[in-house]
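Participant: heads up, no residue letters with this:
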DNA sequence: CAAAAAATGGGTACTCCTACCCATACGAAA
DNA sequence: TTTCGTATGGGTAGGAGTACCCATTTTTTG
């Protein structure tokens, strides 16, 4: 078949981006119509070129892949999204799916896997890295249970998220209170609520969590 | 000139490895003689093929790029080493230089930069990502001052390193003491000594440091 | 409008960690 | 042999954070 799949490729690592571009373009069905080194340029080019598929790195300087996806959600473009990430992380994975991603790949994926993903997504199917099947099953069982058993970062209120991200920047409650011009007790209250929502216990639970989930706290 | 530079390429991410391979091979002077997905295979192929240059990812499953470099140090091979890493991290950088690396590149480097690095190293020069010039200057000034002003992980004793890596695994002093069958006071003494050596201050200073330098604590 | 959620603030007890004080034992280096 | 580094242990004070208790105000939502 001579059906062309037009693709925009966004990743801030030149070698990875160019390399993947070359590898994908070696397939006659696939055409790379643009590349972008960051989310802002990716979004511009997606809106201008309206590719079939946008392959977006999650972690890019400036606008992240998630930011681009959010911006696209409010448009009526038919461009489908494949996320590409370093992190075998359930939180990021769930965020991606909540943003309506059709594909989710780890950067360590084999080339054949990425090609298969592109073709599956081009035909309207979904494709998720097999390495993440655990997360997918957990997500499915959660959905089946009709209750969210393991609340994530996304269940936090804006204030709580703000505090959490400041914790990830290694600020103490005292410093956070001073910065936000609120009482340290309020900060500690937020901490408590976050701990409860995320089922975190023990000493420095929040600091540990925050440092391990920095990426999601941009 | 028709001088061929033979290269072994080791990285656990297939797309990055293949992509970089294709990009480098597009230069007529450069020939990729082998690729490897992990340190063990990299070492085998280096010993068998004796390439001019080995481009090694630092973070690979099993044997890391550093492990390979250590193994090569004790051999008398002329293969020069270029390290490739995600992390803009001074500790990793210094370790690499201590291991006799001729090149040190960030994965976010431009393709031209990597090509320049390969050619420089092939001619016996050194090449370090310009993004790391800060570290290089710090290292130089440290050496000039003839004293190590900022001791690093490498200045810790074996016991201290063991404790630090357990801290990075989110164990409390109590748990570490139980695991090692020593008094919690000894663990706390190690913590103190580590804090002093690394000039760490404030609450949870060690936990923060340990979580931010996990990669070096394997 | 009423109810729920979110944000604000305070009290108290407890644990963990840091930061200082003290010491003894052992092996290696000067 | 003496000294230094390392590992081992104890005491004590204080800061930071968790985990409960209490409350009021504002905003959002049904």
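Facilitator: Good, I have the coordinates. Everything numeric here is computed off the predicted structure, so don't read it as measured data.

Participant: nearest residue to residue A:27 in space, ignoring adjacent ones along the chain?
Facilitator: residue A:115 (6.1 Å; Cβ to Cβ, 6 or more residues apart in numbering or on different chains). Any C-beta I mention is one placed from the backbone N, CA and C, and that applies to glycine too.

Participant: let me know the pLDDT of that neighbour.
Facilitator: Residue A:115 carries a pLDDT value of 91.

Participant: helix or strand next in line after the one helix or strand it maps to, which one?
Facilitator: Residue A:115 is part of helix A:111-122 when elements are defined by DSSP states H and E. Proceeding N to C from helix A:111-122, the next assigned helix or strand is strand A:127-128, under DSSP H and E.

Participant: report the rounded mean pLDDT for that following strand.
Facilitator: 88.

Participant: equivalent analysis for stretch A:173-182, please.
Facilitator: 91.

Participant: buried ones in that stretch?
Facilitator: A:173, A:176, A:177 (16 or more other Cβ atoms under 10 Å in any protein chain shown).

Participant: a markdown table for the residues you listed, including secondary structure?
Facilitator: Conversion of these to a markdown table gives the following (DSSP: H, G, I helix; E, B strand; the rest coil):
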| residue | secondary structure |
| --- | --- |
| A:173 | helix |
| A:176 | helix |
| A:177 | helix |
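
Participant: closest to residue B:163 among those residues?
Facilitator: The closest of the buried residues of stretch A:173-182 to residue B:163 turns out to be residue A:173 (Cβ to Cβ; 26.7 Å).

Participant: before we move on, the earlier item: which strands and helices sit next to the helix holding residue A:115?
Facilitator: strand A:5-10, helix A:14-25, strand A:53-57, strand A:80-85, strand A:103-106, strand A:127-128, helix B:14-25 (3 or more Cβ pairs under 8 Å, 6 or more residues apart in numbering or on different chains; DSSP states H and E).

Participant: what's the least confident stretch among those?
Facilitator: strand A:127-128 (a mean of 88).

Participant: who does it pair up with?
Facilitator: Strand A:127-128 has the following sheet partners, assigned by DSSP bridges: strand A:103-106 (parallel).

Participant: which parts of the biggest helix by length in chain A are buried?
Facilitator: Longest helix in chain A, counting residues (DSSP state H): helix A:184-198. Using 16+ other Cβ under 10 Å as the test for burial, helix A:184-198 gives A:187, A:190, A:191, A:194, A:198.

Participant: follow-up on the earlier one: name the nearest of the buried residues of stretch A:173-182 relative to residue A:105.
Facilitator: Ranked by distance to residue A:105 (Cβ to Cβ), these are led by residue A:176 at 36.2 Å.

Participant: spell out which parts of chain A neighbour DNA strand D.
Facilitator: Residues of chain A found near DNA strand D (Cβ under 7 Å from any atom of the strand) are A:172-174, A:188-189, A:191-192, A:195, A:200-207.

Participant: try it again at 10 Å.
Facilitator: A:163, A:167, A:170-177, A:184-196, A:198-210 (Cβ under 10 Å from any atom of the strand).

Participant: nearest to chain B: which residue in chain A?
Facilitator: residue A:19 (1.3 Å; Cβ to the nearest Cβ).

Participant: any low-confidence regions in chain A?
Facilitator: Residues of chain A that meet the criterion pLDDT under 70 lie in A:1-3, A:91, A:133-134, A:136-152, A:215-218.

Participant: any idea how far residue A:82 is from the residue nearest to residue A:27?
Facilitator: Residue A:115 is 11 Å from residue A:82, where distance means Cβ to Cβ, to the nearest Å.

Participant: tell me which of these two has more neighbours.
Facilitator: residue A:82 (26 against 17; other Cβ atoms under 10 Å in any protein chain shown).

Participant: the more buried one and residue A:98, how far apart?
Facilitator: On the measure of Cβ to Cβ, residue A:82 and residue A:98 end up 15 Å apart.

Participant: which bits of chain A sit near DNA strand C?
Facilitator: Counting by Cβ under 10 Å from any atom of the strand, chain A sits next to DNA strand C at A:155-163, A:177, A:180-190, A:192-194, A:197, A:202-204, A:207-208.

Participant: near chain B, which residues of chain A? Just list them.
Facilitator: Contact residues, chain A versus chain B (Cβ under 8 Å from any Cβ of the partner chain): A:12-16, A:18-23, A:86, A:107-111, A:114, A:170, A:172, A:202-204, A:207-208, A:211-212.

Participant: separate out the buried members of these.
Facilitator: Judged by 16+ other Cβ under 10 Å, buried ones among the residues of chain A next to chain B: A:12-16, A:18-21, A:23, A:107-109, A:111, A:114, A:170, A:172, A:204, A:207-208, A:211.

Participant: for residue A:202, which residues are in contact?
Facilitator: Residue A:202 sits next to residue B:172 when contact means Cβ atoms under 8 Å, 6 or more residues apart in numbering or on different chains.

Participant: now swap in the one 4 residues further on and tell me
Facilitator: Shown in contact with residue A:206 (Cβ under 8 Å, 6+ apart): A:164, A:167, A:191, A:194, A:195, A:200.

Participant: so can I have JSON lines of those residues showing distance to residue A:50?
Facilitator: Below are the contacts of residue A:206 laid out as JSON lines (distance: Cβ to Cβ, whole Å):
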{"residue": "A:164", "distance to residue A:50": "37"}
{"residue": "A:167", "distance to residue A:50": "41"}
{"residue": "A:191", "distance to residue A:50": "45"}
{"residue": "A:194", "distance to residue A:50": "40"}
{"residue": "A:195", "distance to residue A:50": "45"}
{"residue": "A:200", "distance to residue A:50": "43"}
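
Participant: surely residue A:68 meets residue A:10?
Facilitator: Yes - using Cβ atoms under 8 Å, residue A:68 is in contact with residue A:10, at 7.2 Å.

Participant: which of the two has more residues huddled nearby?
Facilitator: residue A:68 (29 against 26).

Participant: the more buried one belongs to a strand?
Facilitator: No - assigned with three-state DSSP, residue A:68 falls outside any strand and is helix.

Participant: roughly how far does it sit from DNA strand D?
Facilitator: 25 Å (Cβ to the nearest atom of the strand, to the nearest Å).

Participant: residue contacts, that residue?
Facilitator: By Cβ under 8 Å, 6+ apart, the neighbours of residue A:68 are A:10, A:39, A:42, A:43, A:46, A:54, A:56.

Participant: among the residues you listed, who's most crowded?
Facilitator: residue A:56 (31 neighbours).

Participant: name the nearest residue to that residue, ignoring sequence neighbours.
Facilitator: residue A:65 (3.6 Å).

Participant: ok, how many other residues are close to that neighbour?
Facilitator: 28.

Participant: surely it meets residue A:40?
Facilitator: No - using Cβ under 8 Å, residue A:65 is not in contact with residue A:40; the gap is 11.7 Å.
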